Structure formats: C-alpha cells, structure tokens
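*Asks:* Fold the following, please.
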Amino acid sequence: MASLLRQLLTLAAITGGAAWVITAYDLSPDASSGGPGRERPAPLVEVEPIATVRLERSISAVGTGRARRSVEIRPSGTGRVEGISFASGDLVTEGAALVRLDDASERAAVAEAEAEIEETTAAYDRAATLQKQGRVTGQSFEGARADLQRAEARLGRVRAALQERVIRAPFTGIIGLTDLTEGALVARETIIATLEDLTVLRVEFRTPERFFADVAVGDEVRVETTIHPGETFDGEVVAVDRRVDETSRAFRVRAEIPNGDMKLPSGLFLRVTMVLAARMGVVAPEQAVIIEGDGAFVYVVDAEGVVERRAITVGQRAGGMAEALRGLAPGERVVTRGIQKVRDGAPVRIIGEGAPAGGKPSGAPEGGGPGAEPTAGEPAAASVPAASAPAASAPASSAPGPTPAAPTPAASPASPAASAPAAGAATGAPRT
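*Replies:* Numbering: from 1, shown residues only. A predicted model of the protein is given here:
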C-alpha cells in the first residue's frame, strides 16, 4: 500500500512539473516565430551576372601532326664517308654541308675534262683563223666547234659529280637520329638521316560528309595534345579534299598550325576542333535556368533586391553556360543558389551584399528546426536548446515506471538548465 502511494505521488509530481513548463513557455506557432508581429527574413541567395561571350559552332576530330617539309637524305652514288658535319637533333640551315664522301675519282675526272677543254679550245681557235683565210672548209670548222662544245658539257658533268660528293641540306630544318659513322660505305639506298621543317605543323583529319558544305579554306582550327596539357594551338584550314570516301563517308581536311618555337614534334596525336561559325551571345549559368514544360525561366534580381521570374528562350549549351536568345540582357543578375525559396516579386538577401557569406542560400534549416532561415544578428541561444529538448520530456515518457530521481530536472522551474530545453522545444520542434 505504501509503495502504491509513493508511485501515485511521483506521477502527480511529474504531471505537475510538465504542466508548469507548458504554462510558462507557450508552444503555439506564434511563439515559435517570435510573435505575430515578427516577419520571416528574406531568403539568402547567390547571384551571377549575365555575360556576353563568344559562341561557336564547331566539330571535333583527331589527326596526326606532320612537318610541312620532310625528306630522307640519301647519297646520289656509292662512296665512303670521309666527314660528318652534323649531330642528331641539330638545326641546320639550307645549303649547309652534312656529309662528305671520298671524291678522288671525281677530282681526276674534272682534271681530265679541263685538259680536254684546253685542247679543243686551241683546235677551235686555229680552225676559226684558217676559215677566215679560206684555207679550211666550213665542215672542218664546224667539227672543231662541236668538239669544244662536247668537252665543255663533259666538264660540267664531272664537276656536278664532284659537288655531289658533298651532301648538303636542301632546306632549313631539324636533323633526325642517325647511325652514320666516318668510314662507312654508303649507296644510293642508304638513308643518312631525316630532315624536317617544323616551323609549321600540318594536320590532316577526316570530317563527316554532312559538313562538306560548311568547311572552307581559312576556317579556324584549334588543336590540343597530351604533351602540353591545358594548352591550345591555333591554325587554319589550308586545303579541303573534293572527294568523299565511299567507305567512311568522310572527306579529308588539311590544316596548318604555326610552330615557330617547335614545341610540337612531327607524328604527334592531336585533338582537333574546327570552328564552322562563331558569334557573340548572351549566356547565363545553367544552374540558374529552370525548365518547366516546354519553356524555361530564370529569377532576375533587380537593384533593390527584388526577384522577377522571367521567361527566356534557351539556345545552345556549352561549358556549364546556357545561351539566352531572348529574355536577358548583359549585366543583369540571376539567382544561381537558393532558387527553391525564391518567389516572384519577393525580396531576397544576396550573399556578399550585406548578407553573411556563411549562410545557406538553399534555405536549409538552421539550428531551430525545419524551415528556419539564417538571420544576421539572431540570438545564438535560439538554436542551442533544441539539442537539449528531450531532457524536458524524458520523465513523461518514463512515467509508467517508478523512477523517483528522474522528475527532478523538469520539476525545478527555477533551474536554468530546465528552462532552456523548453525554449528549444518551442522554437524548433513540433507540438506533441
């Protein structure tokens, strides 16, 4: 009997403490919002200005870079190497001597031809004198002149053969790797080295036939390569093949890329972007554009911070931006974050313009409970007690079990720790 009496007294104490808390702290919606005279703050948003950028209509392809001029240097005849005047990777100028072959036989042939020239020249001079005196026939004079001409031709031929024993660079370029050594015997089929003119890089790529009418000489071309990540190289189309391949249904396009610093080697794999058309257009961030049915709209913020819902016509999209063909002007500001809390004609607070940069523009609950907006200057204590709210209600949930020590926090109205949880429950928790 005494135990039952103690349980009834405990239950009465718990019920009385809870009633006092509810009476002392009104849990009505008006109290949770600060009273009927308090208005919710304008939502926090982020905005970005509308810009005018260059918009392109382009196609992508892949190709291989080639030197504008490239040759394999070979000797014109058989011979033994007597001197090498270059090293692999050297930049050589046009006409520079690269390799010298043995030339003893060619020098002897030149000396013989020069002697023959002297002999035939003397014979021709005598024949010319005698003809003037009428002592020789015209046929004899013509024969002497022909002998002189044949000797001159032979001298020119052997002199050319002597010059060919020195192999020279046909143009300015970069010498490739070589295994040639002095004393080596070379023939006409021997490749001494490669020479490439890399001041301009040529790239050929294939383009689908549906773009045939759009491609023209002079079109802008940009290339990228993995050896220079993040860097682009500009050039232009220099030739368009007039034949479409029957198998691939594509045609060849040739472009040239200035390469004066020779950063791009020959044989390089290139990603090509060919610009077919370009124009200036008004663009907005894609996250600001809201698609609704067949249309699209954005929220524009004016100078007073008031939002206007405005319909736009979307053009092409690229790089996280959407073109606005109609409805926006450069310099206007559109909402990019916090869109779900924005209403047409309502004011907003812009982060960075008098609003705290640390606020959540999306309108997520801040401290107190669902729907609470971050407000500059709001007392911090409003969001803290919510975490302690269960302390006020815990004794009520354990009422069926007699726990005499549990009611103490809730039944002490003078204790600050007991009053704080009640405030938190009124601010951020639903009424139970």
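*Asks:* Could you count how many residues lie near the residue lying closest to V335 once chain neighbours are set aside?
*Replies:* Excluding the flanking residues, the one nearest V335 by C-beta to C-beta, 6 or more residues apart in numbering is Y299, at 4.2 Å. For the C-beta atoms, the positions are set from N, CA and C on the backbone; glycine is no exception. Using other C-beta atoms under 10 Å, Y299 has 23 other residues around it.
*Asks:* and Y299, what does it touch?
*Replies:* For Y299, the contact set (C-beta atoms under 8 Å, 6 or more residues apart in numbering) comprises A288, V307, E308, R309, R310, V334, V335, I339, V342, D344.
*Asks:* which secondary structure element contains it?
*Replies:* strand 295-301 (DSSP states H and E).
*Asks:* Quickly run through the sheet partners of that strand, with directions.
*Replies:* In the sheet, strand 295-301 lines up against strand 290-292 (antiparallel), strand 307-318 (antiparallel), strand 333-337 (antiparallel) (DSSP bridges).
*Asks:* Dump the ones you listed to JSON lines, plus mean neighbour count.
*Replies:* Shown next, in JSON lines, are those (neighbours: other C-beta atoms under 10 Å):
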{"stretch": "strand 290-292", "mean neighbour count": "10"}
{"stretch": "strand 307-318", "mean neighbour count": "15"}
{"stretch": "strand 333-337", "mean neighbour count": "22"}
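*Asks:* Which residues does the closest residue to A288 other than its chain neighbours form beta bridges with?
*Replies:* Leaving out its chain neighbours, the residue that sits closest to A288 by C-beta to C-beta, 6+ apart is V334, at 4.3 Å. Beta-bridge pairing for V334 (DSSP bridges): E48, V300.
*Asks:* again with I175
*Replies:* L195.
*Asks:* Residues in contact with stretch 244-256: which ones?
*Replies:* For stretch 244-256, contacts defined as C-beta under 8 Å, 6+ apart pick out 61, 68, 200-209, 212, 215, 221, 223, 235-243, 272, 274.
*Asks:* Quick check on those: which are buried?
*Replies:* 61, 68, 200-207, 215, 221, 223, 235, 237, 240-241, 272, 274 (16 or more other C-beta atoms under 10 Å).
*Asks:* Would you mark the buried spots in the strand holding Y299?
*Replies:* Of the residues in strand 295-301, those buried (16+ other C-beta under 10 Å) are A296, F297, V298, Y299, V300, V301.
*Asks:* Excluding residues flanking it in the chain, which one is nearest L177?
*Replies:* Counting by C-beta to C-beta, 6+ apart, the nearest residue to L177 once its immediate chain neighbours are dropped is S88, at 4.6 Å.
*Asks:* quick one: the one you found is in a strand?
*Replies:* No. Counting by DSSP: H, G, I helix; E, B strand; the rest coil, S88 falls outside a strand, being coil.
*Asks:* and the gap between it and I192?
*Replies:* 11 Å (C-beta to C-beta, to the nearest Å).
*Asks:* For these two, list the residues in contact with both.
*Replies:* T178.
*Asks:* Same drill for these two, tell me which one is more crowded.
*Replies:* Per other C-beta under 10 Å, whichever of S88 and I192 has more neighbours is I192, with 21 against 12.
*Asks:* Surely that one is in contact with R100?
*Replies:* No. Applying C-beta atoms under 8 Å, one finds I192 not in contact with R100, separated by 11.7 Å.
*Asks:* what is in contact with the two at once?
*Replies:* Joint contacts of I192 and R100 (C-beta under 8 Å, 6+ apart) are I167.
*Asks:* Which residue ranges of the stretch 1-150 of the chain form helices?
*Replies:* 2-24, 29-32, 104-133, 138-163 (DSSP state H, counting those that start in this stretch).
*Asks:* domain parsing for the protein?
*Replies:* Using automatic domain parsing, the domains assigned to the chain come out as 2-26+375-426, 59-66+191-280, 72-182.
*Asks:* Can you pull the poorly scored residue ranges out of this structure?
*Replies:* Within the chain, the stretches with pLDDT under 70 are 1-9, 11-39, 354-432.
*Asks:* repeat that with 80
*Replies:* 1-40, 136, 352-432 (pLDDT under 80).
*Asks:* longest strand of it?
*Replies:* Ranked by residue count, the top strand of the chain under DSSP state E comes out as strand 51-73.
*Asks:* Just the buried residues of that strand, please?
*Replies:* Of all the residues in strand 51-73, those buried under the rule 16+ other C-beta under 10 Å are 55-56, 58-59, 61, 63, 65-70, 73.
*Asks:* What of stretch 95-113?
*Replies:* L98, V99, R100, L101, D103, E106, A109, V110, A113.
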